[in-house]
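**Q** Fold the stuff below for me.
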Amino acid sequence: MNQPRHSHPGQSHPGHSQQAPHPGSPTYAPVPNLSAPGEPAQPESARSGSLLLPVLAWGLGLVLAAVAAVVAVWQVNERLYSPEVTAERYWEAVSSASSAEALGEFSAVPGFARDSEVDNLLLTSAPLAYSAEQISSAQLSEGDDAAQLSFTALGEQFTTEIPLTRTGSTWGFFDTWEVAPQAVTWFQVEVPGAPEGAIGQIRVNGEPVNLEGETARLSALVPTVAEISIDSQWLVGSAEHVVVAAEDPSAAAQQVVMELEASDEAVDLLHEELAAYFESCEQQVLMPSGCPVGHSTTNQVDADTIEWSFPDPEDFELSFDAEGWHVHFEDPVAEISYQARHHHTGEELEQTEQYPFDLDIQVGASGEDLVVSVRGSS
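**A** The predicted structure is shown next:
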């Protein structure tokens, strides 16, 4: 007889997959598998790295933006606000003879140029244009608180500073630079003997400038080429001067001394007066009246054969200096020739004698005229 089988807790029996729940025990639902089929769960470090990448990208963007801003500020400063840019604007104005624009680059204009202590002719357009035509091969380079300008003028090479000064800043970033007052300077022209030569004006770059006695003072921008000339009826002279910045601002102003020469017209006038005087002494007498020569003889002279000759007026030279006019000549000699009959023998003679003499020649101005006086001096 088959006995019924009883189940006991803790025993498993073949053919049963799980133990039946004990009466009164709670029942739990199976835990679901949340992982997608075939995808393993990500580790915690990978998830942290994926969050850090946007932060790094944002930080890099800030750095690049800051660098770009610095570069932009630097470029604007170099192109618009650097000392060299100010010097370039100044030089462009000077070389194009725009005196107003050039002076507009200055932080201040020196007092001597404002107070009429000097003649400001060279700060005006026409003389400045003439100066610019004489300058070539100009090159700017940057220096400390100044720009260096090298150029060629009058066949020579020059270098000058264009002094600059920092006058403040714009927007707190950009330095503002202007041309320093030392870029306007002045020089003095000396004309020794100008009153004695009746010279009241000189010409500078083709324009008239009045003299005060023997001098004229002119202001000028750096650099300026000045051509100074005197071309009066009786005197001529010329000089050239290149204005550059003084190495020592406290040094005395530069001086240009002009040497004057007698004009061709003045020399011609002297020769004409000498020729007229000598002609007046070519009398057919042994003792010309009013002349520093004379001859005596005991022989019987044929008056129609008497001839006097005097030096060539071209041998007399005329010069001018601070003391006035001067006539230069070697000791003059006059010569007399004639025919005569010997007073004792009656023999016919050809006589020639030479007589040194001296002249007192005075040359001076009378208003706009040149007066030449020639007199014999015994």
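**Q** Identify all contacting residues around stretch 91-111.
**A** 86, 89-90, 117, 123-126, 128-129, 132, 135, 138, 140, 149, 162, 165, 167, 178-184, 219, 221, 223 (C-beta atoms under 8 Å, 6 or more residues apart in numbering). C-betas here are computed from N, CA, C, even on glycine.
**Q** Send over it as CSV, restricted to the C-alpha atoms.
**A** This file holds the C-alpha atoms of stretch 91-111, laid out as CSV (Å, rounded to 0.1, in the frame of the first residue of the first chain):
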residue,chain,number,x,y,z
TRP,A,91,56.4,113.8,-41.4
GLU,A,92,53.6,113.3,-43.9
ALA,A,93,52.3,116.7,-43.1
VAL,A,94,55.8,118.3,-43.3
SER,A,95,56.7,116.5,-46.6
SER,A,96,53.4,117.6,-48.1
ALA,A,97,53.9,121.2,-47.0
SER,A,98,50.8,121.2,-44.8
SER,A,99,52.1,123.4,-42.1
ALA,A,100,48.8,123.6,-40.3
GLU,A,101,48.5,119.8,-40.0
ALA,A,102,52.1,119.5,-38.9
LEU,A,103,51.6,122.1,-36.2
GLY,A,104,48.4,120.3,-35.2
GLU,A,105,50.5,117.3,-34.1
PHE,A,106,52.3,119.4,-31.4
SER,A,107,51.5,119.2,-27.7
ALA,A,108,52.5,122.9,-27.6
VAL,A,109,54.3,125.5,-29.7
PRO,A,110,57.3,127.2,-28.2
GLY,A,111,56.9,130.7,-26.9
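**Q** tell me the mean pLDDT for it?
**A** If you average the pLDDT over stretch 91-111, you get 94.
**Q** If we go by neighbour counts, what in it is buried?
**A** Buried residues in stretch 91-111, counted by 16 or more other C-beta atoms under 10 Å: 91, 93-95, 97, 99, 102-103, 105-106, 110.
**Q** How far does that stretch sit from its chain's centre?
**A** 13 Å (C-alpha atoms, centre = their mean, to the nearest Å).
**Q** Please narrow the buried residues of stretch 91-111 to those residing in helices.
**A** If you go by DSSP state H, the buried residues of stretch 91-111 have 91, 93-95, 99, 102-103 in helices.
**Q** Among those, which one sits closest to Cys281?
**A** Minimum distance to Cys281 across those is 60.8 Å, recorded for Ser99 (C-beta to C-beta).
**Q** From Ser296, how far out is the closest one?
**A** 76 Å (C-beta to C-beta, to the nearest Å).
**Q** now swap in Phe106 and tell me
**A** Distance of Phe106 to Ser296, computed by C-beta to C-beta: 82 Å.
**Q** Please state the offset of stretch 294-304 from the chain centre?
**A** Worked out by C-alpha atoms, centre = their mean, stretch 294-304 lies 72 Å from the chain centre.
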